[in-house]
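> Attaching a predicted model along with its sequence, questions to come.
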Amino acid sequence: MKLSEIIQHAKGTVLNPSILAHDYEISGGCGADLMSDVLAVVKPGAVLLTGLCNPQVVRTAQMADVRAIIFLRGKQPPTEVIALATQENIPLISSDMGMFELCGRLYRAGLHSFETNWNGFHE
Amino acid sequence: MSDTIQELYGRKGRNITDRDAQEITRVEELAYDLKISDVMTRDVKSLTPADTMRAVVALLRQNRISGAPVMEENSLVGVISQEDLMRALADDDRDAPIHKYMTRNVITVKSYEPVVKALETFARTRVGRLPVVDENENLVGMITKGDITRGVLTAIRRDYQEEEIRRYRASHLFEDIISDRTSLILRYKIKQGDFVNGGQASSHIKRALLRLGAPPQLARQCGIAVYEAEMNLIIHSTNGGVLRVQVEPHRILMQTSDDGPGIPDVKQALTPGWSTASPLARSMGFGAGMGLVNIQRCVDKMELDSTVGKGTKLLMEIHLRPDEKFKAPPGASETPSV
């Protein structure tokens, strides 16, 4: 699924549009507020849905090659978080939807779930 | 106070907020960094007021330019452009002298001003080209929007090549240096409780591995392992600790050490979901009880050695598989030219 489609489903606003040079193909999704849970399941090229708004979300995304982050419930991360994401080339999106709502919408729209069948790296 | 480039081109007069300021792109930055003299055309073709409009046609055609300064005894008296030429052609007045059609009220920019100044002038005056003068008002060049685009693109390419060169140099490290055993050691001091900078060391490590030519999957595995280990030092250690990464052609050794408090029950600490993270750490998204489990998944060998009151040592080792060797990125077989 394209990132632009995901943004439409989320009725989202891109917080750092300057780095959205082109549309990205998103390989799947993951929703979590605990960063180690994200690192446990996420695969490269994913979109991360989270209610957490601190720099660690961006660091986690960077480590795990997460392609984009959606902040839920209309949360606005502080400017230093946006700056860090911009530096690391990770688009940030703010959506008014809640975790359950948006996960459900994206899953129904056909976005692959990264929270099933985890077999580790050398699968 | 003159308008900034964002106000002119991006956000149409709206005040710049902190958020907008974060979004200033490299291109916008370059508009401030580059001087007009860096991007202008120096080889200026000029005409005199007495030349005919026919001469304008010939000059513009031969040099594929859209306008030229008009000079009289070394001083700039006007500019003649395609638009002026159109008026002459419409009047069927090709033999008229240039001074009949030229723009006399010449707007100039200074060679030492930043490119953004030229952009502002283009936006304000709607002219297509500007004569460039030096501090003594002598004509030294011409600038068009095309010159600016070209200049910015060249500068961006230079930025890109600098990263390529860094990558090239780093990725040949293991090939260029001959020894019985080459290893590169990276060391980082990690402060207890420093959630704001948490992950910075891991970020540097991941980037270093990519520059060394590690495959992305390997850099990601190491990145996740050292990030979890780094956060453990921030969350759990008494006085912070040290994160050390030893990169060798056939393996990557990662290690954290601290001087306390130590883990009372190592087996329990390795149970998925077990966590002793503080409420502060939990509020930052930690304490899932998956850190050590994630590390185990990412590395080939993990050893956790801890003594209460003395400290904890965590050893992580990844053996490079034959397809995971450090190698120069495609196209980096020769030093990129600058």
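Great, that's in hand.

> ok, B:E228 - contacts?
With Cβ atoms under 8 Å, 6 or more residues apart in numbering or on different chains as the criterion, the residues that contact B:E228 are A:36, A:39, B:291-292, B:294-295. C-beta here means a position set from N, CA and C on the backbone, and glycine is covered the same way.

> 10 Å instead, please
Taking Cβ atoms under 10 Å, 6 or more residues apart in numbering or on different chains as the definition of contact, the neighbours of B:E228 are A:35-36, A:39-40, A:60, A:63, B:202, B:256, B:286, B:290-296, B:298, B:314, B:316.

> Any buried residues in stretch B:180-190, and which?
Buried positions in stretch B:180-190, judged by neighbour count with 16 or more other Cβ atoms under 10 Å in any protein chain shown: B:184, B:186, B:188, B:190.

> Closest to B:A208 out of those?
When those are compared for distance to B:A208 (Cβ to Cβ), B:L186 comes out closest, at 6.3 Å.

> SS state for B:I263?
Using DSSP: H, G, I helix; E, B strand; the rest coil, the structure places B:I263 in coil.

> Which members of the contacts of B:E228 occur in helices, if any?
A:35-36, A:39-40, A:60, A:63, B:202, B:291-296, B:298 (DSSP state H).

> Quick one: find the helix or strand in chain A with the lowest mean pLDDT.
Across the helices and strands of chain A, mean pLDDT, DSSP states H and E gives its lowest value to helix A:35-41, namely a mean of 89.

> who's in contact with the residue of chain A at minimum distance from chain B?
Checking chain A residue by residue against chain B with Cβ to the nearest Cβ singles out A:R59 as nearest, at 3.1 Å. For A:R59, the contacting residues are A:35, A:84-85, A:88, B:197-200, B:202-203, B:223, B:227, B:230-231, taking Cβ under 10 Å, 6+ apart as the criterion.

> 7 Å instead, please
If a contact means Cβ atoms under 7 Å, 6 or more residues apart in numbering or on different chains, then A:R59 has B:198-199, B:203, B:227 as its contacts.

> which residues of chain B score low on pLDDT?
For chain B, the stretches flagged by pLDDT under 70 are B:1-26, B:328-338.

> repeat that with 80
Of all residues in chain B, those with pLDDT under 80 make up the ranges B:1-31, B:33, B:159-177, B:323-325, B:327-338.

> Looking at it, what residue ends up closest to chain A?
Closest residue of chain B to chain A, Cβ to the nearest Cβ: B:G199 (3.1 Å).

> ok, for that residue, nearest residue in space, not its chain neighbours?
By the measure of Cβ to Cβ, 6 or more residues apart in numbering or on different chains, the closest residue to B:G199 outside its immediate chain neighbours is A:R59, 3.1 Å from it.

> Among the contacts of A:R59, which pair sits farthest apart?
Greatest spatial distance in those: B:G198 and B:S203, 10.0 Å, computed using Cβ to Cβ.

> where's A:E5, which helix or strand?
Taking DSSP states H and E as the definition, one finds A:E5 inside helix A:3-9.

> my read: B:V247 touches B:L173, true?
No. No contact is recorded between B:V247 and B:L173 when judged using Cβ atoms under 7 Å, the distance being 8.9 Å.

> Of these two, which one has the most company?
Neighbours of B:V247 and B:L173, each counted by other Cβ atoms under 10 Å in any protein chain shown, are more numerous for B:V247; the result is 23 against 16.

> which residues touch the more buried one?
Taking Cβ under 7 Å, 6+ apart, we find B:V247 in contact with B:183-184, B:212.

> Give me the phi and psi for it.
In this entry, B:V247 is assigned phi and psi values of phi -100, psi 130 (degrees, to the nearest 10).

> what residue ranges in chain A score low on pLDDT?
Judged by pLDDT under 80, chain A has its weakly predicted residues at A:21-22, A:115-123.

> tilt between the helix or strand where B:L233 lies and helix B:291-298?
According to DSSP H and E, B:L233 maps onto helix B:216-236. In terms of direction (axes from the mean of the first three to the mean of the last three Cα atoms, to 10 degrees), helix B:216-236 departs from helix B:291-298 by 160 degrees.

> Figure out how far helix B:216-236 is from the centre of its chain.
Here helix B:216-236 is found 25 Å from its chain centre; the criterion is Cα atoms, centre = their mean, to the nearest Å.

> Stretch B:252-270 too?
Between the centre of stretch B:252-270 and the centre of its chain there are 37 Å (Cα atoms, centre = their mean).

> just stretch A:19-35 next, same as before
4 Å.

> What is the end-to-end distance of that stretch?
24 Å (Cα to Cα, to the nearest Å).

> That one near chain B anywhere?
Yes. Taking Cβ under 7 Å from any Cβ of the partner chain as the criterion, stretch A:19-35 and chain B are in contact, through A:33-35.

> Select only the buried ones of those in PyMOL?
To isolate the buried ones among those in PyMOL, judged by 16+ other Cβ under 10 Å, type:
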select buried, chain A and resi 33+34+35
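
> how about the residues of stretch A:19-35 next to chain B in TSV, adding distance to A:R105?
Supplementary listing: the residues of stretch A:19-35 next to chain B in TSV, determined by distance: Cβ to Cβ, whole Å:
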residue	distance to A:R105
A:D33	19
A:L34	22
A:M35	23
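
> nearest to B:I148, of the ones in helices among the contacts of B:E228?
Each of these was checked against B:I148 using Cβ to Cβ; the closest is A:M63, at 38.4 Å.

> I figured the closest one was touching B:A201, is that so?
No. Counting by Cβ under 7 Å, A:M63 sits too far from B:A201 to count as a contact (11.4 Å).

> So which of the two has more stuff around it?
Using other Cβ under 10 Å as the criterion, A:M63 and B:A201 rank with A:M63 on top: 29 against 22.

> Need the residues touching each of B:V247 and B:L173.
When contacts are counted by Cβ under 7 Å, 6+ apart, B:V247 and B:L173 are jointly contacted by B:184, B:212.

> No further queries at this time; thank you.
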